[in-house]
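>>> everything below, folded, please.
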Amino acid sequence: MNLNSIPALGDNYIWTLDDNAGQCLIVDPGEAAPVIAAMEQHQWTPAAILLTHHHHDHVGGVKKLLNKWPNLVVYGPQETQDKGATHIISDGDIVPVLGCEFSVIFTPGHTLGHVLYYSYPYLFCGDTLFSGGCGRLFEGTAEQMYQSFQKLAELPDDTLICCAHEYTLSNLKFANAILPQDLEIQRYYQKIKELRAKNHSSLPSKLGCERRINLFLRTQDADLKRALGLNMPPQHAWDVFALLRQKKDDF
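The predicted model follows:
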């Protein structure tokens, strides 16, 4: 399998996975033109589309792609039914594509119906988990997003984090501001600054790396709690996550 990302809409990535026979999986096509161009350039045939949630920058290209390939199967959660999804999926479902079996993981928070698709080592995580951060809580609650993150934390360290936006640099700037003495964050922040200065992608990252540099996966850390001014044990497991997300919103 070959993993690629197609830049779109400024800071989006449309992920593709292709096999040696030229069949290609497309994830969250926010616009059609770059996808069609990639199909023609690489002589790929689209096998299916996976949708993680209903936001326009993830589904905006679906209808044009269906116009070009009318028999294309589009998997998505209930909230994408009016965005072009032809097969509605839910938590625990298995999506068979390109000889892989993608497990559907329900991760409300960014939206109420958001899902991820996981087939080792690939995790197509939309706007739930970003490298160094997490998605904004447009529809869900901090408790929901925290519980969604607990599901992700169970996956292997070498899971490839294929998220939908190039937000790594801004996320690490925030993390470095919260924990300026953290050497892991400092080193990775410097690495990503150099990558982005050359206009290179920071993705995919690996979950093992995220466990070290993503504060939203480190909400049990004593150093982080102290940095956030939490001197007493939080009332709920997700309270640290909620405070961190609020600080990121205001950053």
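>>> show residues contacting the helix or strand harbouring residue 185.
When elements are assigned from DSSP states H and E, residue 185 belongs to helix 183-197. Applying CB atoms under 8 Å, 6 or more residues apart in numbering, the contact partners of helix 183-197 are 132, 166, 168-169, 172-173, 175-176, 179-180, 201-202, 209, 212-213. C-beta: built from backbone N, CA, C; applies to glycine.
>>> go through these and flag which are in helices.
Counting by DSSP state H, the part of these found in helices is 168, 169, 172, 173, 175, 176, 209, 212, 213.
>>> just the buried residues of those.
The neighbour-count test (16 or more other CB atoms under 10 Å) marks 168, 169, 172, 175, 176, 209, 213 as buried among the ones in helices among the contacts of helix 183-197.
>>> quick one: buried residues of the helix holding residue 185?
By neighbour count on 16+ other CB under 10 Å, the buried set for helix 183-197 is 185, 186, 188, 189, 192.
>>> so where do the helices sit in this protein?
Under the criterion DSSP H, helices of the chain are mapped to 33-42, 56-59, 62-68, 142-152, 168-178, 183-197, 207-213, 222-227, 239-250.
>>> any idea which of these scores lowest on pLDDT?
Out of these, helix 222-227 stands lowest, with a mean of 88 (criterion: mean pLDDT).
>>> burial count for residue 41?
By other CB atoms under 10 Å, the residues close to residue 41 number 8.
>>> where's it relative to residue 11, distance?
Distance, residue 41 to residue 11, using CB to CB, to the nearest Å: 22 Å.
>>> for residue 55, same thing?
Between residue 55 and residue 11 the computed distance is 13 Å (CB to CB).
>>> those two: which has the busier surroundings?
With neighbours defined as other CB under 10 Å, residue 55 and residue 11 compare such that residue 55 has more, 22 against 12.
>>> identify the residues contacting the more buried one.
111, 127.
>>> cool, residue 46 as well?
Applying CB under 8 Å, 6+ apart, we find residue 46 in contact with 23, 24, 25, 26, 35, 39, 65, 69, 72.
>>> can you rerun that using 6 Å?
Counting by CB atoms under 6 Å, 6 or more residues apart in numbering, residue 46 makes contact with 24, 26, 69, 72.
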